[in-house]
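In: What would the 3D arrangement of this be:
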Amino acid sequence: MGRAGLGILRCCLALALALLPLPAAPRGPALRPRRQPRPGGPSADTACKNRPLDLVFIVDSSRSVRPEEFEKVKIFLSEMIDTLDVGERTTRVAVMNYASTVKVEFPLRTYFDKASMKEAVSRIEPLSAGTMTGLAIQTAMDEVFTEEMGTRPATSNIPKVVIVVTDGRPQDQVQDVAASARTAGIEIYAVGVDRADMQSLRIMASEPLDEHVFYVETYGVIEKLTSRFRETFCAVNACALGTHGCQQLCVSDGPSHLCDCYEGYTLNPDKRTCSAVDMCAPGRHECDQVCVSNNRSYVCDCYEGYTLNPDKKSCSAMDMCAPGRHDCAQVCLNNDGTYSCGCYEGYTLNPDKKTCSAADVCAPGRHDCEQVCVRDDLSYTCDCHQGYTLNPDRKTCSGAITSSLVTIEESCKCEAIVALQDSVTSRLEALSTKLEEVSEKLQAYQERQQIV
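Out: Next comes the predicted model:
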């Protein structure tokens, strides 16, 4: 092999090594191998018919980027512009340059042809200071992605895309700013070079990370990423390329695509990810009483006291009073899927609502004896006080019949009592008469005293 052949071989080996993904330990997870163009797709040296974009490049020109390396970045930008279908109605491009400050080199509304864009790129000078990546993304949201600066309205459904190129670690808070940008609908790609911090790239990039985070060893090979972005942005079958971002299913729709989900899942509001359907939501199941989610399906169950019928949907009340199902001491009463306890006649339910005690059948209100109630196990009999006898109805009593003969002694006592009563009555009547006479004399005396 001649010297020319050896030179070509060395170049090929160097290029292959530069494009290999880094090991997982020093640089985080390796990137996917670059996809090969689909048969009949765009060739490497021709511009593809990409889907319309509002595309903003944000390039790091801090002190760590040497002048010759920054020139490589500008070559990368120019080659990217060559691959795009640039125009007022197709893809619009803006370029931002940042270090410790941010400069908008040209917004989306300025150029609509490749020659003018590439000429403007060639005039960009590095700022040579710090690395304020968060400030740059915030400036893109505030000053570039506006309708005044050329961004098309949301109703046009034109994707907003940012490509950040950096070789260092952000010196400001980039996580919250990048999250706000993604929430606002901006898709972020992060390209790291040489000493770039992979964790910072992953923090700012959109999901899925293996399709939005790129790394190259040196600025000398950064332009090789052009083919990766061409595949991503070209209007070919995004589902076949794997650049769709759909979590489960990708459905081609002409130059675009739609995301869909497997059976039992529903598409989330982000239109890319899927969540399991709540099969037990009202209207989604046929269960009579209880629905239990089971993976992507459901099974029916019943409330306590009911059992599932053979149709596996409806429920029937159990016989809660069947032997072994209750804890009643005497009587079990079914009550629509549950039960209550009762007692035999002559017993009363205890406070535990389960056991029974013999009732006091002679307690007031529990018997119909007129005078005396006598307990007899769980029943009673009636009786009477002394001097009375029980009537044939076995409930009421009558006074006993006594002798009509009265002794002489008892008769004398009665006559003495009567005589005494007569004497007392006579004396009371005489005393009453005297009192009336005294009252009349007193009244006459008072009348005379009034006349005098």
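
In: Grab the nearest non-local neighbour of the spatially most central residue of the chain.
Out: Among the residues of the chain, the one closest to the centroid is residue 278, at 12.2 Å (Cα atoms, centre = their mean). If the residues on either side of it in the chain are set aside, residue 278 comes closest to residue 293, at 6.7 Å by Cβ to Cβ, 6 or more residues apart in numbering. To be clear about C-beta, it is placed using only N, CA and C from the backbone, and glycine gets the same treatment.

In: Check which residues of whichever strand or helix holds that neighbour are buried.
Out: In the assignment (DSSP states H and E), residue 293 maps to strand 290-294. The neighbour-count check on strand 290-294 (16 or more other Cβ atoms under 10 Å) flags residue 291 as buried.

In: And for stretch 81-88?
Out: Burial within stretch 81-88, assessed by neighbour count using 16+ other Cβ under 10 Å, is assigned to 81, 82, 83, 84, 85, 86.

In: check contacts around the first one.
Out: If you count contacts by Cβ atoms under 8 Å, 6 or more residues apart in numbering, residue 81 has them with 93, 114, 117, 118, 121.

In: Quick check: phi and psi at it.
Out: phi -60, psi -40 (degrees, to the nearest 10).

In: do the same with residue 425
Out: Main-chain torsions, residue 425, degrees, to the nearest 10: phi -70, psi -40.

In: Show me where the stretch 301-450 of the chain has its strands.
Out: Shown for the stretch 301-450 of the chain, the strands assigned by DSSP state E, counting those that start in this stretch span residues 306-308, 315-317, 331-335, 338-342, 347-349, 356-358, 372-376, 379-383, 388-390, 397-399.

In: Kindly indicate whether residue 269 is helix, strand or coil.
Out: coil (DSSP: H, G, I helix; E, B strand; the rest coil).

In: Distance check, it against residue 275.
Out: Distance, residue 269 to residue 275, using Cβ to Cβ, to the nearest Å: 10 Å.

In: Neighbour count: the two, which is higher?
Out: Neighbour totals were compared for residue 269 and residue 275, and residue 275 leads with 11 against 6 (other Cβ atoms under 10 Å).

In: And that one, which helix or strand is it part of?
Out: Using DSSP H and E, residue 275 sits in strand 274-276.

In: quick one: that strand to chain centroid distance?
Out: 14 Å (Cα atoms, centre = their mean, to the nearest Å).

In: now that strand: mean pLDDT?
Out: Averaging the model's pLDDT scores along strand 274-276 yields 87.

In: same check, this time on stretch 248-255
Out: Here the average pLDDT along stretch 248-255 is 75.

In: Doesn't residue 210 belong to a helix?
Out: Yes - remark: residue 210 belongs to a helix, assigned using three-state DSSP.

In: And the helices in the stretch 51-200 of the chain?
Out: Under the criterion DSSP state H, counting those that start in this stretch, the stretch 51-200 of the chain contains helices at 67-83, 114-122, 133-139, 175-183, 198-204.

In: which of those helices is buried the deepest?
Out: Burial of those is given as mean neighbour count (mean count of other Cβ atoms under 10 Å); helix 133-139 ranks first at a mean of 24.

In: Work out the gap between it and the centre of the chain.
Out: In terms of Cα atoms, centre = their mean, the centre of helix 133-139 is found 34 Å from the chain centre.

In: could you say what helices and strands that helix packs with?
Out: Using 3 or more Cβ pairs under 8 Å, 6 or more residues apart in numbering; DSSP states H and E, the elements in contact with helix 133-139 are strand 54-60, strand 92-98, strand 102-106, strand 160-166, helix 175-183, helix 198-204.

In: Just the CA atoms of it, as PDB, please.
Out: What follows is helix 133-139, C-alpha atoms only, in PDB (Å, rounded to 0.1, in the frame of the first residue of the first chain):
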ATOM      1  CA  THR A 133     -26.100  28.800  29.400                       C
ATOM      2  CA  GLY A 134     -29.300  29.500  31.400                       C
ATOM      3  CA  LEU A 135     -29.200  33.200  30.500                       C
ATOM      4  CA  ALA A 136     -28.900  32.300  26.800                       C
ATOM      5  CA  ILE A 137     -31.900  30.000  26.900                       C
ATOM      6  CA  GLN A 138     -33.900  32.600  28.800                       C
ATOM      7  CA  THR A 139     -33.000  35.200  26.200                       C
END
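
In: State the mean pLDDT of it.
Out: pLDDT averaged over helix 133-139 gives 96.

In: Residue ranges in this structure under the pLDDT threshold?
Out: 1-50, 234-238, 240-243, 253-256, 401-414, 452 (pLDDT under 70).
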